[in-house]
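# Whatever this is, show me its structure:
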Amino acid sequence: MLSLRQLEVFLAVIETGSTTRAAEAVALSQSAASNALSELESRLGEKLFDRVGKRLVLNASGRALQPRARTLLVQARDAEALFRGGGGQLKVGASTTIGNYLLPRLLGAAGADLPCERVEIANTDDIAERMLRFELDLGLIEGRALHPDLVMTPWRQDEMVIVAVPGFAGQPLETLPWIMREPGSGTRSVVEQELFGKLERGRPALEGVQPVLELGSSEAIHNALRAGLGVSCLSRHVVQQSLQSGELQVLAPERSIRRQLYLLRHRQRPDTAVVARFLACCPPEA
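Residues are numbered from 1 along each chain as shown. Just a heads-up that it's a prediction; the model follows:
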């Protein structure tokens, strides 16, 4: 019968490329790690790696086993967490707007009722990749993650508004210098679909817009807007204080966007106790 230790060594060899470094990663001797890998290959009747010099390179058989090995190890760890006090710690991945603005308020309101070991803030594509590798318990994303192993559930809604310093008011939006998020960002995807598509809610789309600047976070764009460098479409969560102070102004309020925020789960990973606690504290909006 396959053992969890064998699968753990197998995955560690994939990450490190050798049994020596894999042994260090899983706190085994080099001989014990080599034996575990040999026993796994013997049990399966297949070589899982090609030996290229001193390096082990994953082959087709190894690639077929890899996602199943990850799933089994994660499920074993989840089972252990059920019997620890409170069900363990939560590892959440959040898109930048959610992670920087919405999630801190939710965690603060939950307090000690929602232990959170780590929050990874990245764009939607990166969160999806980490969910696929079972590195996160739950994702909170602004865009779409279209992978058969990932399940998106509507969670909350957000309003996105076109904003700039008041000096840009009254000018055609197509002529203004646009500042955008990087490709792969949920914010970028929504703006491209809703404002720059062929038809934007029955109105002519904004055509011919080319960003003059791409920045890797909404906060960076916010600061660029305050400096008068251009116009952008951002979550109201990001710019609320600047709107209240008058430093920024909403342009074309009729073009504001209501976008869906999503919970992201792995199809092969049932909710753990701590995920259930998160959903109880931060439920989807009706």
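
# Please make it C-alpha for all contacts and neighbour counts, starting now.
Will do.

# And the contacts of the lengthiest helix in the chain?
In the chain, with assignment by DSSP state H, the single longest helix is helix 60-81. By C-alpha atoms under 8 Å, 6 or more residues apart in numbering, the list of residues contacting helix 60-81 from outside reads 4, 7-8, 11, 46-49, 87-88, 133-134, 268-269, 272.

# do the same with stretch 148-161
Here stretch 148-161 makes contact (C-alpha under 8 Å, 6+ apart) with 128, 131-132, 144-145, 233-236, 250-251, 253, 255-268, 283-285.

# distance between the longest helix of the chain and the chain's centre?
In terms of C-alpha atoms, centre = their mean, to the nearest Å, the centre of helix 60-81 is set 20 Å apart from its chain centre.

# And the average pLDDT for it is what?
The average pLDDT for helix 60-81 rounds to 78.

# continuing past it, what's the next helix or strand?
Following helix 60-81 in sequence order, the next helix or strand is strand 90-94 (DSSP states H and E).

# Can you tell me what sits against that following strand?
Outside strand 90-94, the residues within contact range by C-alpha under 8 Å, 6+ apart are 99, 115-124, 127, 135-141, 274-275.

# Walk me through which strands that strand pairs with, and which way each runs.
strand 116-121 (parallel), strand 138-141 (parallel) (DSSP bridges).

# Mind pulling up the pLDDT for Thr96?
On pLDDT, Thr96 comes in at 85.

# What is the burial count for it?
25 (other C-alpha atoms under 10 Å).

# repeat for Thr175
11.

# Kindly report the same for Ile14.
19.

# residues in contact with it?
Neighbour list for Ile14: 56-58 [criterion: C-alpha under 8 Å, 6+ apart].

# Using TSV, lay out those together with secondary structure, distance to Pro104 and neighbour count.
Shown next, in TSV, are the contacts of Ile14 (DSSP: H, G, I helix; E, B strand; the rest coil; distance: C-alpha to C-alpha, whole Å; neighbours: other C-alpha atoms under 10 Å):
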residue	secondary structure	distance to Pro104	neighbour count
Leu56	strand	42	17
Val57	strand	41	16
Leu58	strand	40	19
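
# Among these, which one sits closest to Leu106?
The nearest member of those to Leu106, counting by C-alpha to C-alpha, is Leu58 at 41.9 Å.

# If we ignore the residues flanking it in sequence, what's nearest the closest one?
Spatial nearest neighbour of Leu58, excluding adjacent residues (C-alpha to C-alpha, 6 or more residues apart in numbering): Phe49 at 4.4 Å.

# Can you give me the distance of the one you found to Glu39?
13 Å (C-alpha to C-alpha, to the nearest Å).

# of these two, who's got more company?
Phe49 (21 against 16).

# Can you check the pLDDT for the more buried one?
For Phe49, the model assigns a pLDDT of 89.

# For it, list the residues it contacts.
Going by C-alpha under 8 Å, 6+ apart, Phe49 touches 56-59, 61-62.

# residues in contact with stretch 16-29?
8-9, 12-13, 15, 30, 32-34, 54-57.

# Of these, which belong to helices?
Residues from the contacts of stretch 16-29 lying in helices, with DSSP H as the criterion: 8-9, 12-13, 15, 30, 32-34.

# Just the buried positions in the longest helix of the chain, please.
Of all the residues in helix 60-81, those buried under the rule 16 or more other C-alpha atoms under 10 Å are 62, 66, 69-75, 78, 81.

# ditto for stretch 243-254
Within stretch 243-254, the residues scored as buried using 16+ other C-alpha under 10 Å are 243, 247-251.

# ok, now stretch 150-168?
150, 152, 155-156, 158, 160-165, 168.

# what comes into contact with the helix or strand harbouring Glu192?
Using DSSP H and E, Glu192 maps to helix 186-194. Helix 186-194 is contacted by residues 95, 123-124, 141-144, 180-183, 200-201, 233-234, 257, 259 when judged by C-alpha under 8 Å, 6+ apart.

# Ok, stretch 172-183 next?
Stretch 172-183 is contacted from outside by 168, 187-189, 206-218, 221, 229-233, using C-alpha under 8 Å, 6+ apart.

# Would you mind putting the buried residues of stretch 243-254 into CSV with secondary structure and pLDDT alongside?
Compiled in CSV, these are given as follows (DSSP: H, G, I helix; E, B strand; the rest coil; pLDDT from 0 to 100):
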residue, secondary structure, pLDDT
Leu243, helix, 96
Glu247, coil, 96
Leu248, coil, 97
Gln249, strand, 97
Val250, strand, 96
Leu251, strand, 95
